[in-house]
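Dropping a prediction and its sequence here:
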Amino acid sequence: MAKKSAFTYNAFGNNGTSDISSPFWVKPKSNISKAKSLLKVIWKWAKIFILLFFFVMGLWGCFQSSFDSSIASSSNIGSGLEFGFNFGETGDWRYDLCGSSMQQYHTFNEWTMAYGPFYAWFIWPGAWLTMQICWASSNAWGGLNALLSIFVLILIIRLLTIAVTIKSTIQNEKMSEINGKLSEINAKYKGLKDAQSKQMKQQETMELYRKNHVHPFSAFEQILITLPIFLIVYRVVIILRPLKATVLFNIWNFSLSPSSEVVNNFVNGGWTYMFFVLIVVPVQFLSTFLPQFWAKRRNRNATAISLKGNKETKKKMLIQYGITGVMALVVIFLPTGVGIYWFFNACFSILQSYCMHLLIIHQRKKKNEISYRIGDIKIE
């Protein structure tokens, strides 16, 4: 039997050797493409582990208070878990924690694993940064230093997570573009319950997603990232001593909830919290309405014409507004400082959505101009 040999060829512009058993029309993979494939696999698994980590930390932050009394919070100064400077460091009771002789609560003024990984890895950096900003601008009138510290904290967090939020926005945009075709598939198999029809519907749906590069589960990535972020800001607000002591504009106490003040202290200033609610809650609904409004304007030609598509679109909008309504109730029943976080977060969401709206319109105009120029080229 003849021995298999290797030969050198230049059919595809490379000078490597190839086994004679390989077809000449198959281009061998280069080392660069292999490296890219390997990096994609590594990134895929790294992203899975990162999302699982955030998911576990989010669950830990949610339920830790149920079995760990050391992190119990209180709206009263000097009780519950508090973050601040060491006793006597500044001489200001709003920033310094009590000394050991007066210590009847848990202090959190240095990095420690005593309160668990969520506080050590997430709460500590946010609380430390917020504390430094509060103290550096402590001479500001009416608690403006507290507003500034929360604003900077949210800004940094939003910048760190901007890649995830932009990806989610782009995926929502693609979903809006294929909404009509997706509704047609749903209408096509409406009422069909047999296994073959369900399988064909799933195949057509996945093929539609594949052609348009849509990842239907990408929205969960943002949820897994958003939950720990909310818990970080929430915990920072309720344990940071200067924030607990802040009375914004000498009207709204950060440590008190609007609902409790309106119900229990209406005559003695609690009525002013109604104006706080009238400022914060509408911005929450605007952060839900405006992105949908801009998306609708961008995708007029891609909107589903069928009655089925319109019903599904309205159903999704009702679900989103329902979630926003629940969040509005959360703002009313949680401390006012948390409401400030929701206000700034909603403002950032509106600004980001508008910037994405302008960017998408610009990209589409650019793409249309290129297509128009290519269409003008005459092939001889």
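Received, thanks. Numbers count the residues shown, from 1 in each chain.

mind listing what the spatially closest residue to F348 that is not a sequence neighbour touches?
Distances taken as Cβ to Cβ, 6 or more residues apart in numbering put R158 closest to F348, at 5.3 Å, once the chain neighbours are dropped. For the C-beta atoms, the positions are set from N, CA and C on the backbone; glycine is no exception. Applying Cβ atoms under 8 Å, 6 or more residues apart in numbering to R158 gives the contacts T165, N345, F348, Q352.

now do T336
Applying Cβ under 8 Å, 6+ apart to T336 gives the contacts L248, W252, N253, F254, S255, L256, S257, P258, Y273, F276.

Check it and give its pLDDT.
We have a pLDDT of 91 for T336.

got it, and the one 5 residues further on?
pLDDT, Y341: 89.

For the stretch 201-350 of the chain, just list every one of the strands.
Using DSSP state E, counting those that start in this stretch, the strands of the stretch 201-350 of the chain run over residues 247-248, 252-253.

In terms of secondary structure, what does the last one contact?
So the one you mean is strand 252-253. Contacting strand 252-253 under the criterion 3 or more Cβ pairs under 8 Å, 6 or more residues apart in numbering; DSSP states H and E is no other helix or strand.

can you give me the mean pLDDT across it?
The average pLDDT for strand 252-253 rounds to 92.

Let the chain start at 124 from now.
Noted, 124 is the first residue going forward, which turns the last one into strand 375-376.

So, low pLDDT: which residues of the stretch 274-423 of the chain?
296, 299-300, 302-303, 339-342, 422-423 (pLDDT under 70).

can you map out the helices along the protein?
Assigned by DSSP state H, the helices in the chain fall at 154-190, 240-241, 247-259, 267-283, 285-300, 302-311, 318-334, 341-362, 364-367, 381-387, 396-421, 430-456, 459-499.

I352 touches I279, doesn't it?
No: I352 is not in contact with I279 according to Cβ atoms under 8 Å; the separation is 10.8 Å.

Neighbour count: these two, which is higher?
I352 (20 against 13; other Cβ atoms under 10 Å).

Give me the distance between the residue nearest to the more buried one when sequence neighbours are not counted and F343.
Distances taken as Cβ to Cβ, 6+ apart put I280 closest to I352, at 5.6 Å, once the chain neighbours are dropped. The gap separating I280 from F343 is 19 Å, by Cβ to Cβ, to the nearest Å.

ditto for A250
A250 is 28 Å from F343, by Cβ to Cβ.

Over to F190?
Taking Cβ to Cβ, one finds F190 at 27 Å from F343.

same deal with Y396?
The value you get for Y396 to F343, if Cβ to Cβ is used, is 35 Å.

ok, these two, which is more surrounded?
Y396 (25 against 13).

need the contact list for the more buried one.
W375, P381, E384, V385, T459.

which one of those sits closest to T230?
T459 (23.8 Å; Cβ to Cβ).

residues near V179, how many?
Using other Cβ under 10 Å, V179 has 14 other residues around it.

actually Q187, not the one I wrote
18.

next one: S189
Residues lying near S189 (other Cβ under 10 Å) number 7.

ok, it to S196 distance?
Taking Cβ to Cβ, one finds S189 at 13 Å from S196.

Please name the residues that touch K489.
Contacts of K489 (Cβ under 8 Å, 6+ apart): none.
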